[in-house]
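A.B. asks: here is the input, now give the coordinates:
(chains A, B, C and D)
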2 protein chains.
Amino acid sequence: MNYKESHTLILNNIARFIDLTELEKQKYLSLLTETKVTKKAFLMQANDVAKYEYFITKGCLKVYTLDEDGTPHISMFAVEGYWTGDMASFMTKEPTRYFIKATEHSELLGISRPNYDLLFQEIPKFEKFYRMLYQRSLVNYIRRSNHGISLTAEERYIEFKKKYPNVVNRITQKDLAGYIGITPEFMSKIITKVNQK
Amino acid sequence: MNYKESHTLILNNIARFIDLTELEKQKYLSLLTETKVTKKAFLMQANDVAKYEYFITKGCLKVYTLDEDGTPHISMFAVEGYWTGDMASFMTKEPTRYFIKATEHSELLGISRPNYDLLFQEIPKFEKFYRMLYQRSLVNYIRRSNHGISLTAEERYIEFKKKYPNVVNRITQKDLAGYIGITPEFMSKIITKVNQK
DNA sequence: TAAAAGTCTTAAACTAGTTCATTTTTTTTC
DNA sequence: GAAAAAAAATGAACTAGTTTAAGACTTTTA
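C.D. replies: Residues are numbered from 1 along each chain as shown, chains lettered A, B, ... in the order given. Below you'll find the model as predicted:
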């Protein structure tokens, strides 16, 4: 069977953890919703209830909260091949505190909450897929939460560049500062310093 | 059926997400290993391969890494009712970077890797249990990794006290500093300041 | 394609958190 | 229950990161 590019991408992502039959692939794809967001448009805003979990097939988005001062704190950049959304809101149906904004024209495949629940009934193998997906993300977040606390801003910047070399050039320095957890001014200093080494 | 205290505790933990029959409960319990650690003893040390994932039925342990300077960075305190271990090492069989040390005499139920794999074959419902367990932990860690980066040390201390009021009094100020990500000296200042308000 | 808006750089004055050194208090150990 | 070891408090000098402000550069929009 020949799939379109976005479908191949998501099926490969799933094949990392579980094998699906042709029929199951068809079934799975039928539960997804295609979405496009233009640059600067929002996929989600604070106080929305997260209706979907998204897989990015093209583009780049930033996930962030705003603190009382209105300063953005970026919790992740999501590019092709990544999953994004607000899992807490998606699961509990409580309003989210997050904004998700496209920093480039982006294309996504979304799964709605009813279809997510249906998925486990129809193809129980997906319990394993999500168990393993969450397990991996957990390991990443545990590392990040420790590093956020124990490394200096310069070290966090160097780590980020090493880990996501393809993302660094697609985002603004200001947004990177919001992710690293420092001011844009200090980000500028760090970059100058690191590059002239 | 009448279970001993530690078994009731772990079965209740599981019942949050899935229902087990009497027979499944028996089967599950038979896959667990009881472990005791005396105060100051290690459950795991850097370079070990994590052979078990643990559920704490009694006591308190700290999970930490040492940086190049030998400064400890505590990633969690685990008390009764919590799960602990190093999931990355447990899954990949690569050596861990973590130490897990009992800060009180502690009792645990461990599941070995072979039994963990067996569990999914014998009682597939456990895929769902772990999917939901990891999902929840993920939401917690996402929050912590954002807070670690965007809150001040004083705010992180206040949050910790609010979230884990029963843990604060069981650990030393020095260990708390290692968790909050500051020096014991600065921790002491913060506590003095916050308490006199 | 000009104007407007946003991003990046630089620098000076400031604040949160560190380091090092010393003393007091609490806990552990025999 | 005394001695030793570890934890906590305090203070002075230091460093990483913030704030504010202003000018240069780049991107967006009409």
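A.B. asks: element containing the nearest residue to residue A:33 once chain neighbours are set aside?
C.D. replies: Leaving out its chain neighbours, the residue that sits closest to residue A:33 by CB to CB, 6 or more residues apart in numbering or on different chains is residue A:110, at 4.6 Å. Quick note: C-beta positions are derived from backbone N, CA and C, even for glycine. Using DSSP states H and E, residue A:110 maps to strand A:106-112.
A.B. asks: so that strand, near DNA strand D or not?
C.D. replies: No: Strand A:106-112 stays out of contact with DNA strand D when judged by CB under 7 Å from any atom of the strand, the minimum separation being 14.0 Å.
A.B. asks: buried ones in that strand?
C.D. replies: A:106, A:107, A:108, A:109, A:110, A:111 (16 or more other CB atoms under 10 Å in any protein chain shown).
A.B. asks: my guess is the last one meets residue A:51, correct?
C.D. replies: No: contact between residue A:111 and residue A:51 fails when scored by CB atoms under 8 Å: they sit 9.9 Å apart.
A.B. asks: any shared contact partners between the two?
C.D. replies: With contacts taken as CB atoms under 8 Å, 6 or more residues apart in numbering or on different chains, not a single residue reaches both residue A:111 and residue A:51.
A.B. asks: how long is stretch A:14-28 from one end to the other?
C.D. replies: 10 Å (CA to CA, to the nearest Å).
A.B. asks: my bad, stretch A:163-182
C.D. replies: 19 Å.
A.B. asks: what mean pLDDT does that stretch have?
C.D. replies: Averaged across stretch A:163-182, pLDDT comes to 95.
A.B. asks: give me the residues contacting that stretch.
C.D. replies: By CB under 8 Å, 6+ apart, stretch A:163-182 touches A:60, A:62, A:64, A:71-77, A:79, A:103-104, A:148, A:153, A:156-157, A:160-161, A:183-184, A:186-188, A:190-191, B:149-150.
A.B. asks: swap the cut-off to 7 Å and go again
C.D. replies: Defining contact as CB atoms under 7 Å, 6 or more residues apart in numbering or on different chains, one finds that stretch A:163-182 is touched by A:60, A:62, A:64, A:72-74, A:77, A:79, A:103-104, A:148, A:153, A:156-157, A:160-161, A:183-184, A:187-188, A:191, B:149-150.
A.B. asks: can you select the buried ones from those in PyMOL?
C.D. replies: With 16+ other CB under 10 Å as the criterion, this PyMOL line picks the buried residues out of the contacts of stretch A:163-182:
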select buried, (chain A and resi 60+62+64+72+73+74+77+79+103+148+153+156+157+160+187+191) or (chain B and resi 149+150)
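A.B. asks: so which of the contacts of stretch A:163-182 sit within helices?
C.D. replies: Judged by DSSP state H, the contacts of stretch A:163-182 include A:148, A:153, A:156, A:157, A:160, A:161, A:184, A:187, A:188, A:191, B:149, B:150 as members of helices.
A.B. asks: need the residues of chain A near DNA strand C, please.
C.D. replies: Along chain A, the residues adjacent to DNA strand C under the rule CB under 7 Å from any atom of the strand are A:172, A:173, A:174, A:184, A:185, A:188, A:189, A:191, A:192.
A.B. asks: from those, which single one is nearest DNA strand D?
C.D. replies: Nearest to DNA strand D among the residues of chain A next to DNA strand C, counting by CB to the nearest atom of the strand, is residue A:185 at 4.0 Å.
A.B. asks: what's the pLDDT at that closest one?
C.D. replies: 97.
A.B. asks: how many neighbours does it have?
C.D. replies: By other CB atoms under 10 Å in any protein chain shown, the residues close to residue A:185 number 9.
A.B. asks: what's opposite residue A:54 in the beta bridge?
C.D. replies: residue A:84, residue A:110 (DSSP bridges).
A.B. asks: could you verify my assumption that it touches residue A:84?
C.D. replies: Yes: using CB atoms under 7 Å, residue A:54 is in contact with residue A:84, at 5.2 Å.
A.B. asks: that concludes my questions; thank you for your assistance.
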